[in-house]
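A.B. asks: one predicted model, sequence on top.
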Amino acid sequence: MMKKIVLFSIMFTMLLSACKKKDTRPDVLHISGIVTDKETSNPKDSVSIELSKSDGFSSRIILDTYSTDSDGKFSFKFSQNKISYSYYLIFSKKSYTKEEVHIDKDKEKQNFNIQLIKDEK
């Protein structure tokens, strides 16, 4: 009887380890969008876009920097790490307030419509 209990325990443990949830997040994320002036709706060229990551414990690490084209559009892709990082985009342009958005790690393609607000200074 004891032998059956031990055998059952071993088989149950093996079954549980085989049922480990598979990470289904995409390896590469495709990011695109447009940046406009909130007040005028005009596209903003040369907006700096920082791609950063954070593990939630330490400060953010900038992975890359991009910019909008003459029509205010941007498009890039990056490979995400399977470690639990959070990814962010920070949009900045002189005379405008910075805008920050969170990237959804589970969506392969993401499109952002960013409206920058002019500084009141």
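C.D. replies: The structure has been received and is ready for your questions. Since the structure is predicted, the reported quantities are computational estimates derived from the model, not experimental observations. Numbers count the residues shown, from 1 in each chain.

A.B. asks: hmm, Tyr85 is touching Ser52, no?
C.D. replies: No: in this structure, Tyr85 sits apart from Ser52 without contact. The criterion is C-beta atoms under 8 Å, and the distance is 9.6 Å. C-betas here are computed from N, CA, C, even on glycine.

A.B. asks: what residue is smack in the middle of this protein?
C.D. replies: Within the chain, one residue has its C-alpha closest to the average C-alpha position: by C-alpha atoms, centre = their mean, that is Ile103, at 2.9 Å.

A.B. asks: residue contacts, it?
C.D. replies: Residues counted as contacts of Ile103 (C-beta atoms under 8 Å, 6 or more residues apart in numbering) are 29, 31, 86-89, 110.

A.B. asks: for PyMOL, write a command that selects the buried ones of those.
C.D. replies: Here is the PyMOL command that selects the buried residues among the contacts of Ile103 (16 or more other C-beta atoms under 10 Å):
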select buried, resi 29+31+87+88+89
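
A.B. asks: adding secondary structure and distance to Val47, write the contacts of Ile103 out as a markdown table.
C.D. replies: Rendered in a markdown table, the data for those read as follows (DSSP: H, G, I helix; E, B strand; the rest coil; distance: C-beta to C-beta, whole Å):
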| residue | secondary structure | distance to Val47 |
| --- | --- | --- |
| Leu29 | strand | 20 |
| Ile31 | strand | 14 |
| Ser86 | strand | 22 |
| Tyr87 | strand | 18 |
| Tyr88 | strand | 15 |
| Leu89 | strand | 11 |
| Gln110 | strand | 17 |
